[in-house]
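Chemist: Kindly generate the corresponding structure for this input.
(one chain, ligands or ions: 1)
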Amino acid sequence: MSGADLKILGGGVCGLYAAHRGLDLGARVTLFEKEASFGGLASGHQFDGNWFDLGVHMLHAFDREIFETCRDAMGPERIEVPLKSHIRWGGKLYHYPLRGRDILAGIPPLTLARCLTGLFLAEIESRYPSRRPGPDAESALIELYGAPLYEFFFEDFTHRYWGIHPSDLSAEFVRRKMPRLSAIDVFKNLLEKLRLAKPRNATEGALRFETLHYSHTGSEALPRSLAKSIAQRGADLRPDSCIEKVSHDGERIRSITVAGKEWDSSSSQIISTLPLPLLIQSLEPAPPPEVTAAASRLRYKPMTVYALLVRKERCMEALYTYYRDRIFHRVGEPKNAGLRVTPEGHTTLIVETTCEVGDDKWNGTALPHILADLESEQLCAPEDVVSHHLIHARHAYPIFSLGFEKSLQKVMDYLAQFPNLISTGRQGAFTYPNMHSAMRMGAEAIDKLLK
Ligand SMILES: Cc1cc2nc3c(=O)[nH]c(=O)nc-3n(C[C@H](O)[C@H](O)[C@H](O)COP(=O)(O)OP(=O)(O)OC[C@H]3O[C@@H](n4cnc5c(N)ncnc54)[C@H](O)[C@@H]3O)c2cc1C
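Modeler: Numbers count the residues shown, from 1 in each chain. All right, here's what the predicted structure looks like:
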């Protein structure tokens, strides 16, 4: 559909890749992003001359076509990094994902025996169709791993991380978000080999031992390079352009109001990557109350990153380490992945905390607690921390609360009446892609609209 007028709302990696695909298909592309730079969750933040990611962001090469586009756009800025991550568990550091021998060494023998028995019983029970798990994450986890392992490993951590007990989260959360415990898979494989368990797809999104892609300036290089490449190909990229209103006549989207200016969009094709509730709020006339109510039930877990400059050559061995019983759930040291840090003899830490807007973690008043936990983990002493800055993400993680599927369906069914609009990406489809999957979503949406 050469010459189509394509408008993209939101300049995260999904929107940027959608623009790239639109240009491939001969469209005229305009992309609106509310921030001054592109990249959304994957963008970088510069403080005191150093770059900080919003949680260390590395590109996976699973999707060949997308990887090659990013590789070509980044050129020599791209560096390859072997994945090295740890998890702190039971007072010790283990490789993450957990390996079989880590589990054997890390769990007290009696607990291990209980967990294995539970795992085995869960496998046997899953053979009876009448024993289908309930719709919540707690039932799904118990069905997958057995009650003892659920209680030992998942229950408390999930509750603290999300602020929601697994019994109030949807089972879909387990399928889409929970990283697979590879050590458990080891045992499951053993049971399968002994024909004591049937082969099943447990969870998706497993972390693997793989080569990742990064840059000496962190995650910012990827969206910056993509934006540069699509601008050179003729896309009209508009930073500092907040979408205020999306007007329709019940059949098509007719116009978009951006920073006070109305853009006629009657004959445009539109991709929205904005958070779904924001898109619904910006529609004029407003959708029926049941749709607005459904959209307001789609909630996101905010996140605050404490970006620290530390007077120390190095704080940890891994790229990042997961913590189960600290105020933060993950700490990354991107220098270990090749990030350039100034001045010499210093490093940076990216300390990730899930939070609520306005709480101590969000406001920064949790800093003493953060510093104390970093010291307890022997990462750095409070006096080593030269400066700290906060990076906020209101829409970090969609919350798959119990019954969210119905609300999402209601909103998507409503939007389906507009043939010139697709809402996609992490925020627009209310899902959990990695960067490459978010970019794939952008490409697929374009194919649907333009082909
Ligand atoms: C802590 C963390 C770590 C992660 N680590 C990795 C990793 O290592 N590797 C990986 O592959 N993935 C990682 N991800 C996932 C990845 O960041 C996201 O899935 C991906 O960046 C989503 O891209 P998106 O474009 O769909 O959404 P977003 O990046 O959220 O983009 C949406 C865009 O819309 C803009 N916007 C919002 N409202 C408006 C408005 N009114 N007007 C105009 N623009 C607006 C936003 O500013 C934003 O730029 C991580 C995610 C998190 C939270």
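Chemist: which regions of the stretch 1-150 of the chain sit below the pLDDT cut-off?
Modeler: 1-2, 90, 97-104, 129-133 (pLDDT under 70).
Chemist: Please enumerate the helices of it.
Modeler: For the stretch 1-150 of the chain, the helices defined by DSSP state H, counting those that start in this stretch cover 13-24, 64-74, 100-106, 109-125, 137-145, 147-149.
Chemist: now for the last one, which elements pack on it?
Modeler: Looking back up the chat, that one is helix 147-149. Contact partners of helix 147-149 among helices and strands, from 3 or more Cβ pairs under 8 Å, 6 or more residues apart in numbering; DSSP states H and E: helix 109-125. (C-beta placed from N, C-alpha, C; glycine too.)
Chemist: hang on, the earlier thing: among the helices of the stretch 1-150 of the chain, single out whichever gets nearest to residue 332.
Modeler: Each of the helices of the stretch 1-150 of the chain has some distance to residue 332 by Cβ to Cβ; the shortest is helix 13-24, at 18.7 Å.
Chemist: What residues of stretch 372-380 count as buried?
Modeler: By neighbour count with 16 or more other Cβ atoms under 10 Å, stretch 372-380 contains the buried residues 373, 374, 377, 379, 380.
Chemist: can I get those in a markdown table with distance to residue 158?
Modeler: Converted to a markdown table, the buried residues of stretch 372-380 look like this (distance: Cβ to Cβ, whole Å):
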| residue | distance to residue 158 |
| --- | --- |
| 373 | 19 |
| 374 | 23 |
| 377 | 21 |
| 379 | 24 |
| 380 | 28 |
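Chemist: Can I get these in a markdown table including distance to the ligand, pLDDT and secondary structure?
Modeler: Below are the buried residues of stretch 372-380 laid out as a markdown table (distance: Cβ to the nearest ligand atom, whole Å; pLDDT from 0 to 100; DSSP: H, G, I helix; E, B strand; the rest coil):
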| residue | distance to the ligand | pLDDT | secondary structure |
| --- | --- | --- | --- |
| 373 | 18 | 97 | helix |
| 374 | 18 | 98 | helix |
| 377 | 19 | 95 | coil |
| 379 | 18 | 97 | coil |
| 380 | 21 | 98 | coil |
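Chemist: just curious, which of those residues is nearest to residue 157?
Modeler: Looking across the buried residues of stretch 372-380 and measuring by Cβ to Cβ, the closest to residue 157 is residue 373, at 15.4 Å.
Chemist: Tell me who's in contact with the closest one.
Modeler: Counting by Cβ atoms under 8 Å, 6 or more residues apart in numbering, residue 373 makes contact with 323, 326, 327, 328.
Chemist: now residue 326
Modeler: By Cβ under 8 Å, 6+ apart, the contact set of residue 326 is 88, 373, 376, 377.
Chemist: Look up how far residue 255 lies from it.
Modeler: Noted for residue 326: a distance of 49 Å to residue 255, by Cβ to Cβ, to the nearest Å.
Chemist: returning to what we had before: now the two most distant members of the buried residues of stretch 372-380.
Modeler: The most widely separated members of the buried residues of stretch 372-380, counting by Cβ to Cβ, are 373 and 380 (10.8 Å).
Chemist: Please, which helix or strand holds residue 302?
Modeler: Here residue 302 is covered by strand 300-310, with elements defined by DSSP states H and E.
Chemist: Please identify the pairing partners of that strand and their relative orientation?
Modeler: For strand 300-310, the pairing partners within the sheet under DSSP bridges are strand 347-354 (antiparallel), strand 385-398 (antiparallel).
Chemist: Format those strands as CSV; extra columns: distance to residue 315 and mean pLDDT.
Modeler: CSV is the format used below for the strands paired with strand 300-310 (distance: least, Cβ to Cβ, whole Å; pLDDT from 0 to 100):
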stretch, distance to residue 315, mean pLDDT
strand 347-354, 6, 97
strand 385-398, 11, 97
